[in-house]
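Participant: This is a predicted model, with the sequence first.
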Amino acid sequence: MSRQFRIAPSILSANFAKLGQEVTDVIASGADIIHFDVMDNHYVPNLTIGPLVCESLRPVTDAIIDVHLMVKPVDRIIPDFAKAGANIITFHPEASEHIDRTLSLIRECGCKAGLVFNPATSLSYLDYVMDKVDMILLMSVNPGFGGQKFIPETLNKTRAVRQRIDASGRDIWLEVDGGVKVDNIAEVARAGADVFVAGSAIFGAARDSDAHRYDSVVAAMRAELAKA
């Protein structure tokens, strides 16, 4: 079965002094999804953005807003992001006391729901909730900071998740986040991913040029995905 590939720039690496323009530019350059990395300086050792930023950006773009919650506890903030305009909300199973209930809460708030797996987190959390999962996000770095190197073992984990998704017969997106760039995106796709989070690979590359646009790097990623 053919898969549609989606590129999801992470605004964690964007220029926050002109964040609205960054979002507009990166979508105009051919990206599909805006990825929010939400960190609480508790579950992960960093502090980033909250629902107010999502609410401010929602009028700027019609693109899907994909909110990755790296917070604990997680349930309280889900309705806030849903009201702020999120389309997809994913969370780490370790951050929820009742995973099934949290997945249901996200859907009740009108968003698609997903689980996020750190490099060493077991996939066994999926055993009884595949019917409530719309996205599975695999971290290919340890969460908390941008600009890290891709962990190669994630490829085997991606293949394992792809097998689970195919066996379920459900339309579940498989997203990979961390160290994804032009020279490895095709390999990640061949392992089974169909959504690719890239932060510094996109925003950092543009920052090194005078144009401050993202057309070339997004086009290069598309060209590599065409080979997958």
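Facilitator: Looks like it came in fine. Residues are numbered from 1 along each chain as shown.

Participant: give me the number of residues near the nearest residue to Asn156 once chain neighbours are set aside?
Facilitator: In space, and not counting its chain neighbours, Asn156 is closest to Ala191: 7.9 Å by CB to CB, 6 or more residues apart in numbering. Glycine gets a C-beta too; all of them are placed from N, C-alpha and C. Neighbour count of Ala191, defined by other CB atoms under 10 Å: 20.

Participant: pLDDT of stretch 33-40, averaged?
Facilitator: Averaged over stretch 33-40, pLDDT sits at 96.

Participant: what does that stretch rub up against?
Facilitator: Stretch 33-40 is touched from outside by 6-12, 23, 26-27, 46-50, 53-54, 57, 61, 63-72, 77, 81, 86, 143-144, 146, 177, 195, 197, 199, with contacts defined as CB atoms under 8 Å, 6 or more residues apart in numbering.

Participant: when you check those against the helices, which ones overlap?
Facilitator: Of the contacts of stretch 33-40, the ones assigned to helices by DSSP state H are 23, 26-27, 53-54, 57, 81.

Participant: In this structure Ser177 contacts Ala193, no?
Facilitator: Let me fix one detail, which is that residue 177 is Asp and not Ser. No: Asp177 sits out of contact with Ala193 when judged by CB atoms under 8 Å, with a separation of 9.7 Å.

Participant: list the residues that contact both of the two?
Facilitator: What both Asp177 and Ala193 touch, as defined by CB under 8 Å, 6+ apart, is the set Leu138.

Participant: These two - which one has more neighbours?
Facilitator: For Asp177 versus Ala193, the count of surrounding residues by other CB under 10 Å is larger for Ala193: 31 against 26.

Participant: Could you pull up the residues touching the more buried one?
Facilitator: 138, 158, 162, 174-176.

Participant: Kindly recompute the last result at 10 Å.
Facilitator: 3, 5-6, 136-138, 140, 154-155, 158-159, 161-162, 173-177, 180, 185, 187, 228 (CB atoms under 10 Å, 6 or more residues apart in numbering).

Participant: now Val195
Facilitator: Counting by CB under 10 Å, 6+ apart, Val195 touches 3-8, 32-33, 35, 64, 66, 88, 135-137, 173-177.

Participant: on that earlier part again, could you turn the buried ones of the contacts of Ala193 into a ChimeraX selection?
Facilitator: Here is the ChimeraX selection string for the buried members of the contacts of Ala193, based on 16 or more other CB atoms under 10 Å:
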select :5,6,136,137,138,140,154,155,158,161,162,173,174,175,176,177,180,185,187
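
Participant: Among the contacts of Ala193, which ones are in helices?
Facilitator: Those of the contacts of Ala193 mapping onto helices are 154-155, 158-159, 161-162, 185, 187, per DSSP H.
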